[in-house]
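**Student:** got a sequence here, can you build the structure:
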Amino acid sequence: MTGARYLDHSPFATAGSSESAGTVAARWRAIARSGGDSAAIRTPEQSITFAQAAARVDDLARAILDTTPTDNPVAVEIESDVDSVLSMLAVWCAGRPLVLVDPFLPEDRRANILELSGAHLLTPATVGQLAPLDQAATPYAEPAPDDPAVLLFTSGSTGTPKGVVLAQRTPVNHIPRVAHRERRDHQPRHSRVHPAALITT
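**Tutor:** Below is the predicted model:
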């Protein structure tokens with residue numbers, strides 16, 4: 001993977017029990033199938049169903065496979081909007097590692113993150129330009145549970161940003177922990193009050 005030699009592998013990359021091992025894409029597809037026409041993502045400006053989100057994610061994933069170098073990570077600017085969520089899911093469904101980028105970072109830090117990771121950057125503008133492709137022409141690359149899912153970088157305030165690799169199983173295993181902590185009723189819902197970019201730090 002381009003840029004991987006610059007990253008510090010974390011012991012958290014394989015955290016979690018084998019019973020819940022899996023990939024983010026597989027988890028998303030299962031949830032989307034069961035969700036159907038119920039609301040998947042809702043913001044003050046927009047609402048989208050699971051079926052609509054799944055179709056858009058599939059289109060974006062195939063476009064990512066067709067327009068970015070093979071095996072390269074893909075960076076997404078994280079805003080508090082529907083497109084950011086769909087873009088993240090599309091990167092995972094394309095079988096690529098995701099690099100989260102805070103759009104409010106200074107330009108030099110953003111440039112360092114992209115250089116170190118070797119990631120192709122998706123912005124709101126480029127996401128809107130990605131067109132659906134022939135589904136038969138662009139097969140998905142299914143990752144394994146221990147393959148990279150997310151490359152997280154420090155802010156770089158004390159020097160060059162440092163990266164940590166999280167495996168596919170890590171966010172998958174985190175879901176039931178959050179649900180248990182917040183005493184949810186097994187519904188795939190989550191409310192976010194803080195800016196979404198905070199998860200990148």
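
**Student:** how about the helix or strand where residue 61 lies: buried residues?
**Tutor:** Using DSSP states H and E, residue 61 maps to helix 50-67. By 16 or more other CB atoms under 10 Å, the buried positions in helix 50-67 come out as 50, 52-54, 56-65. (Glycine included, C-beta is placed from N, CA and C.)

**Student:** need the contact list for the residue nearest to residue 142 when sequence neighbours are not counted.
**Tutor:** The spatially closest residue to residue 142, leaving aside those adjacent along the chain, is residue 95, at 6.2 Å (CB to CB, 6 or more residues apart in numbering). Each residue near residue 95 by CB atoms under 8 Å, 6 or more residues apart in numbering is listed here: 25, 65, 140-143, 147.

**Student:** again, only this time at 10 Å
**Tutor:** Contacts here follow CB atoms under 10 Å, 6 or more residues apart in numbering; on that basis residue 95 touches 23, 25, 61, 64-65, 71, 139-144, 147, 168.

**Student:** mind listing which of the residues you listed are in helices?
**Tutor:** 25, 61, 64-65 (DSSP state H).

**Student:** tell me where this protein has strands.
**Tutor:** With strands called from DSSP state E, the chain shows them at 8-9, 39-42, 47-49, 74-77, 98-101, 120-122, 148-153, 163-167.

**Student:** would a markdown table of those strands with distance to residue 88, mean pLDDT and mean neighbour count be doable?
**Tutor:** Formatted as a markdown table, the strands of the chain follow (distance: least, CB to CB, whole Å; pLDDT from 0 to 100; neighbours: other CB atoms under 10 Å):
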| stretch | distance to residue 88 | mean pLDDT | mean neighbour count |
| --- | --- | --- | --- |
| strand 8-9 | 21 | 38 | 12 |
| strand 39-42 | 11 | 92 | 17 |
| strand 47-49 | 14 | 95 | 16 |
| strand 74-77 | 5 | 94 | 24 |
| strand 98-101 | 6 | 93 | 24 |
| strand 120-122 | 9 | 89 | 21 |
| strand 148-153 | 9 | 91 | 23 |
| strand 163-167 | 13 | 90 | 21 |
